[in-house]
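Quick one: sequence plus predicted model below, questions after.
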Amino acid sequence: MKIILISIGTRGDMQPFLAIGEILKEKGNEVICAFPEQFRNLVENSNMVFASLGTKFIEMLDSDDGKAALGGSGSGLKKMFAYIKLARHQTEINKELVAKQCELIENEIPDKIVYNGKAIYPIIWGLNNREKNILISPLPYMHYVRNHTHIAFNSNYGSFLNKLTYSLANFGLITTVMITKRWLKITKKITRKQIKNALLSNKAIYTISPSLFSRPDDWNENLKVLGYHERNKVISWRADKDLNDFLEKHNRILLITFGSMTNPEPEEKTKVIIDILERNKIPAIINTASGGLSKLINLILN
């Protein structure tokens with residue numbers, strides 16, 4: 001089959017799709033990965049076909065306003081103004097994202113589409129291609145689970161309010177799909193009820209260990225929890241002498257990483273962590289990743 005994988009987000013949003021892409025390719029499928037341009041190397045290093053969704057989404061996240069709005073610090077007023085500035089730019093960015101998804105899908109005519117929650121056009125495509133699109137979620141609580149709210153609320157408000165949060169999330173997603181339809185000038189009639197039914201009946205796979213998120217007994221068969229898949233990485237990197245010496249010297253080492261999370265103050269946060277490690281004599285390896293933490297020049301391995 002020809003399968004298009006569509007993922008929008010930071011590097012952490014790409015990794016589950018790369019692992020799935022490698023599995024599908026090994027089974028003889030033609031795989032196309034549609035990611036933001038900044039992740040081209042990840043796809044090409046895995047020997048899969050890359051389709052660019054442009055650079056603007058990641059540039060928005062990496063901007064000062066993006067870091068202020070989405071990062072974990074700063075005053076409420078600063079965050080509010082940053083959100084307002086982001087909102088002004090995000091509409092045009094979202095228009096470009098859905099246009100690129102639409103163009104790719106209409107040109108390639110795939111047999112299946114595997115997509116994440118930030119990709120909208122696959123939902124519209126799926127209305128005319130039943131059971132050919134599959135949502136992948138590395139996060140729990142995207143579909144109703146008793147005794148827990150939707151992941152966007154991340155709490156437990158009691159059975160009635162919990163269920164309401166899923167309805168609110170679906171309402172927002174349905175509204176986004178209707179807006180996307182107007183952007184793309186799709187003339188075929190699509191109703192909110194059709195979209196709602198599709199969201200409830202489409203196949204979805206949670207790439208989470210069942211030991212962490214067990215599948216609810218009352219879920220329909222279209223919803224699965226199938227566990228985490230690791231990539232078959234081809235690693236050319238080798239540890240240098242300092243790191244090897246450090247590993248040999250310590251039996252128990254703490255790994256610190258925030259992955260691709262946005263952090264407007266990486267140096268300050270890293271200094272706080274190092275101060276705690278030094279005061280408590282904890283040997284650690286810090287993964288600076290893509291901006292969450294910072295490499296401090298004066299830090300010496302010991």
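Everything's here; your move.

Quick check: the nearest residue to Lys132 once chain neighbours are set aside vs Ala99, distance?
Leaving aside its sequence neighbours, Lys132 sits nearest to Lys112 (Cβ to Cβ, 6 or more residues apart in numbering; 5.4 Å). Yep, even glycine has a C-beta here, placed from its N, CA and C like the rest. Shown here: Lys112 relative to Ala99, a distance of 21 Å by Cβ to Cβ, to the nearest Å.

same thing with Tyr166?
29 Å.

So between these two, which is more surrounded?
Counted by other Cβ atoms under 10 Å, Tyr166 and Ala99 do not tie: Tyr166 has more neighbours, with 20 against 16.

OK, contacts around the more buried one?
His143, Tyr144, Thr149, His150 (Cβ atoms under 8 Å, 6 or more residues apart in numbering).

how about low-confidence regions in this protein?
65, 67-83, 85-87, 232-237, 260-264, 289-292, 296-302 (pLDDT under 70).

number of nearby residues for Glu22?
Here the count is done by other Cβ under 10 Å, and Glu22 has 19 residues near it.

Could you pull out the strands in this protein for me?
Ranges of strands in the chain, per DSSP state E, are 2-6, 30-35, 49-52, 112-115, 133-137, 203-206, 223-225, 254-257, 284-287.

Which among those strands is found nearest to Lys193?
strand 133-137 (18.4 Å; Cβ to Cβ).

what helices or strands is that closest one leaning on?
helix 11-26, strand 112-115, helix 121-127, strand 203-206 (3 or more Cβ pairs under 8 Å, 6 or more residues apart in numbering; DSSP states H and E).

and Glu92, which of these is closest to it?
helix 121-127 (16.3 Å).

just how off-centre is the closest one within its chain?
In terms of Cα atoms, centre = their mean, to the nearest Å, the centre of helix 121-127 is found 19 Å from the chain centre.

now what about that helix, what contacts it?
Contacting residues not belonging to helix 121-127 are listed as 6, 98, 101-102, 105, 113, 115, 132-133, 173, 177, 180-181, 184, 186, 190, 194-195, 198-199, 202 [Cβ under 8 Å, 6+ apart].

Go through those and flag which are in helices.
Val98, Gln101, Cys102, Ile105, Leu173, Val177, Thr180, Lys181, Gln194, Ile195, Ala198, Leu199 (DSSP state H).

Quickly list the domain ranges of this structure.
According to automatic domain parsing, the chain comprises the domains 2-225, 241-287.
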